[in-house]
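Enquirer: Mind looking at a prediction? Sequence and model below.
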Amino acid sequence: MDLPPVGLGTMGIEDPDPVATALSVGYRHLDTARIYDNEGVVGEGLAAGLAASDSPSREDVTVATKLWIDDLAQAEVGPAARESADRLGVERLDLLYVHRPRGDYDPEATLPALDRLVERGLVRNVGVSNFEIEQLDRAIDVLDAPLAAHQTELHPLFYKPALLEHAREHGYTVVAYSPLAGGRVREIDAVVAVAEAHDAAPEAVAIAWATGKEPVVTIPKASSADHLRANLAAAELELSSEEIAAIDAVGREEELFPE
């Protein structure tokens, strides 16, 4: 998928205004999930953003959501996807993920059901989230549609280089959630040092570090117009190889959302 370096993560957003504002300042990728219980809010923000002056067209915006673990039985996939599309106010889901390979997930049943949604036109692209390499390999083998994206936790305190290498080998995008480590990037000495050298915020450095890792894009959450603009601009910050290596060397053991 041709996703922009920075999209909007919406977990915890309960007001449509930040979504509409995000579109107005240049965001073109909105990410939500059924378990966030805010698809309707995101849909309202999307509609408001598309109706505003100088707004993007619907075709310019990637709207992504995720099926939760109790939506993954073969008979539940279609109805759940239709409900999500209706709540979001869209005719088609641009990207639909398996949120976690747990619960009712069965690759031989769940993934063909997703393929059928692509064939019917309800879903444009299929993704997975929080998968390990063996699970990714199985998904690629079973799916008829190409695997478009793998969403995974990725920030200076936690990431798995092997997942990035797998994505490069198989040609799909890695969508990094929680790239700011829940605000903890301000406590990481290596990130703070790089930020001071660039007269930038630690959050901007964390986003630039992540988006510099092919094929990674990010979906930080933000609500205010200033933070939305700052996150969007962060991908343009250029870090030196030494600065990247310093952040790479940070211990990668602080997973925020373990299984």
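Expert: That came in fine, so what should we check first? Numbering: from 1, shown residues only.
Enquirer: Within the helices and strands, which one has the residue of the chain most remote from its centre?
Expert: When distances to the mean C-alpha position of the chain are computed (Cα atoms, centre = their mean), the maximum falls on A197, with 28.7 Å. A197 belongs to helix 189-198 when assigned by DSSP states H and E.
Enquirer: In terms of secondary structure, what does the helix or strand following that helix contact?
Expert: Going down the chain from helix 189-198, the next helix or strand is helix 202-211, by DSSP H and E. Using 3 or more Cβ pairs under 8 Å, 6 or more residues apart in numbering; DSSP states H and E, the elements in contact with helix 202-211 are helix 189-198, strand 216-218, helix 225-234, helix 241-248. C-beta: built from backbone N, CA, C; applies to glycine.
Enquirer: cutoff 6 Å now
Expert: helix 189-198, strand 216-218, helix 225-234 (3 or more Cβ pairs under 6 Å, 6 or more residues apart in numbering; DSSP states H and E).
Enquirer: Could you say which of those is packed most deeply?
Expert: strand 216-218 (a mean of 24; mean count of other Cβ atoms under 10 Å).
Enquirer: how far is it from where the chain is centred?
Expert: Put simply, strand 216-218 sits 7 Å off its chain's centre (Cα atoms, centre = their mean, to the nearest Å).
Enquirer: Stretch 190-206 too?
Expert: The answer for stretch 190-206 is 23 Å, by Cα atoms, centre = their mean.
Enquirer: just stretch 148-158 next, same as before
Expert: With Cα atoms, centre = their mean, you get 8 Å for stretch 148-158.
Enquirer: do the same with stretch 141-148
Expert: Worked out by Cα atoms, centre = their mean, stretch 141-148 lies 18 Å from the chain centre.
Enquirer: Kindly export it (C-alpha atoms) in PDB.
Expert: Output in PDB follows, covering the C-alpha atoms of stretch 141-148 (Å, rounded to 0.1, in the frame of the first residue of the first chain):
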ATOM      1  CA  ASP A 141       0.300 -18.600   1.900                       C
ATOM      2  CA  VAL A 142      -3.500 -18.700   2.600                       C
ATOM      3  CA  LEU A 143      -4.600 -15.300   1.300                       C
ATOM      4  CA  ASP A 144      -5.400 -14.900  -2.400                       C
ATOM      5  CA  ALA A 145      -5.200 -11.100  -1.900                       C
ATOM      6  CA  PRO A 146      -1.800  -9.700  -1.300                       C
ATOM      7  CA  LEU A 147      -0.900  -9.000   2.300                       C
ATOM      8  CA  ALA A 148      -1.000  -5.200   2.300                       C
END
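Enquirer: Mind checking the pLDDT average for it?
Expert: For stretch 141-148, mean pLDDT is 98.
Enquirer: Please work out which residues outside it touch it.
Expert: Identification of contacts with stretch 141-148 by Cβ atoms under 6 Å, 6 or more residues apart in numbering yields M1, P107, L111, D115, V118, N125, V126, G127, A139, I140, Y172.
Enquirer: can you list those in TSV and add secondary structure?
Expert: Formatted as TSV, the contacts of stretch 141-148 follow (DSSP: H, G, I helix; E, B strand; the rest coil):
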residue	secondary structure
M1	coil
P107	helix
L111	helix
D115	helix
V118	helix
N125	strand
V126	strand
G127	strand
A139	helix
I140	helix
Y172	coil
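Enquirer: Need the max-distance pair from the residues you listed.
Expert: Greatest spatial distance among those (Cβ to Cβ): M1 and P107, at 20.9 Å.
Enquirer: still on that earlier bit, burial count for the nearest residue to the residue farthest from the centre of the chain once chain neighbours are set aside?
Expert: Take A197 and drop its neighbours on the chain: the residue closest to it by Cβ to Cβ, 6 or more residues apart in numbering is E243, 7.4 Å away. Using other Cβ atoms under 10 Å, E243 is surrounded by 21 other residues.
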